[in-house]
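Q: predicted model and sequence follow; I will ask about them next.
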Amino acid sequence: TLFLLVLYGAWPHFISTTLSVGPFQLQAEEKKLSIAHFNPFAGNLDHPAITKEVLRIDADLVSLVEIDPSMKLTIIPALQVKYPYSYDCSGTDYCQNIILSKYPILNGDGQGHWIGPPYSRVHLGGEMTGVTFVSVHTTRFPQSRDQIRQVRELLRLLESESGDLIVMGDFNATPFSRITTTLEQGANIRRLTDLPTWPSRIHLPQVAIDHAFASENFR
C-alpha cells in the first residue's frame, strides 16, 4: 500500500515533464492561451519562492487563492512587470482570490462572505475579448452540503455570462465528485484536470482537488 501511495504521488511529477509545451499549430483565427492555478497556502512565509514559481510557470492567466495580506504586499508588486493587469477581491469581506493577467482586464468583481464560494471574476479585453475568467475556492470536506450549495450559487452567477468561460480554483473535491460534475454539467464547461495536487508538503500529492474548466470553444 505504501509503495502504491508513493507511486501515485510521484505520477504528477512524471507526467508534467512529458506534457507538450508547444509550439502548437494554430488554426485560422485561433489564439494561444496558457492558464495556471496556484494555492500557496495562507500563512506561507516563503514569498520569494511563491513569486519564483509563478514566474517559472509563466502562464497568461493566473488564479491565486489563499493570498493573505502579507503575501499580497510582497508578491503582487514583484509580479507586476510580468502581469500588468490584476484583480484583487480582498477588499470585499473575506476573500483571498487574486487574478493576474497579461491581457487587459475590462472589469472585475468578487465576493468572499456570501452564500457561494469566495471568487474573483474578470472580463478580459484585447485579443481575449469575450472571455470570462473566474478564480474559485470552495469550502472543504466534511462540509459537503455547504460545498454543493456554494457550487449551485456559483452556477447562478455564471448564468449571466454570454461568452466563453474559464473557471479555475481549489474546489476541495475530486474530479468525479458531485461538486465538480455539478459545475461541469450545469455551466456546460469541460474539466481539464485530474492529477493529484494535495497534500504537497512532502511532494507526493494523493488527491486531485484543484481543477480547471473551460468552455467547449477552447481546444
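A: Thanks, I have it.

Q: now for residue 152: which residues touch it?
A: For residue 152, the contacting residues are 182, 186, by C-beta atoms under 8 Å, 6 or more residues apart in numbering. In this view, the C-beta of every residue, glycine as well, is placed from N, C-alpha and C.

Q: so what's the closest residue to residue 57 other than its chain neighbours bridging to?
A: Leaving aside its chain neighbours, residue 57 sits nearest to residue 36 (4.9 Å; criterion: C-beta to C-beta, 6 or more residues apart in numbering). The partner list for residue 36 in beta bridges (DSSP bridges) reads residue 62.

Q: show me what contacts residue 36?
A: Going by C-beta under 8 Å, 6+ apart, residue 36 touches 54, 57, 59, 61, 62, 63.

Q: and the strands in this structure?
A: In the chain, the segments counted as strands under DSSP state E are 35-38, 61-64, 85-88, 98-101, 105-111, 119-124, 131-137, 164-170, 189-191, 210-215.

Q: mind putting those in JSON lines, distance to residue 10 and mean pLDDT included?
A: Formatted as JSON lines, the strands of the chain follow (distance: least, C-beta to C-beta, whole Å; pLDDT from 0 to 100):
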{"stretch": "strand 35-38", "distance to residue 10": "20", "mean pLDDT": "95"}
{"stretch": "strand 61-64", "distance to residue 10": "25", "mean pLDDT": "97"}
{"stretch": "strand 85-88", "distance to residue 10": "34", "mean pLDDT": "94"}
{"stretch": "strand 98-101", "distance to residue 10": "29", "mean pLDDT": "97"}
{"stretch": "strand 105-111", "distance to residue 10": "36", "mean pLDDT": "95"}
{"stretch": "strand 119-124", "distance to residue 10": "33", "mean pLDDT": "97"}
{"stretch": "strand 131-137", "distance to residue 10": "27", "mean pLDDT": "97"}
{"stretch": "strand 164-170", "distance to residue 10": "22", "mean pLDDT": "97"}
{"stretch": "strand 189-191", "distance to residue 10": "23", "mean pLDDT": "96"}
{"stretch": "strand 210-215", "distance to residue 10": "18", "mean pLDDT": "97"}
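
Q: kindly reformat the ones you listed as a markdown table and extend each row with distance to residue 70.
A: What follows is those, written out as a markdown table (distance: least, C-beta to C-beta, whole Å):
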| stretch | distance to residue 70 |
| --- | --- |
| strand 35-38 | 17 |
| strand 61-64 | 14 |
| strand 85-88 | 14 |
| strand 98-101 | 13 |
| strand 105-111 | 20 |
| strand 119-124 | 19 |
| strand 131-137 | 18 |
| strand 164-170 | 19 |
| strand 189-191 | 33 |
| strand 210-215 | 22 |
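
Q: as CSV, could you dump the C-alpha coordinates of the longest helix seen in the chain?
A: Using DSSP state H, we find that the single longest helix of the chain is helix 2-18. Presented in CSV, the C-alpha positions along helix 2-18 are these (Å, rounded to 0.1, in the frame of the first residue of the first chain):
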residue,chain,number,x,y,z
LEU,A,2,2.8,2.4,0.9
PHE,A,3,4.5,1.6,-2.4
LEU,A,4,1.3,2.4,-4.3
LEU,A,5,0.8,5.7,-2.5
VAL,A,6,4.4,6.8,-3.3
LEU,A,7,3.9,5.8,-6.9
TYR,A,8,0.7,7.7,-7.2
GLY,A,9,2.2,10.8,-5.6
ALA,A,10,5.1,10.6,-8.0
TRP,A,11,2.9,10.3,-11.1
PRO,A,12,2.1,14.0,-11.5
HIS,A,13,5.8,14.8,-11.3
PHE,A,14,6.5,12.4,-14.1
ILE,A,15,3.5,13.2,-16.4
SER,A,16,4.0,17.0,-16.1
THR,A,17,7.5,16.7,-17.5
THR,A,18,6.2,14.9,-20.6
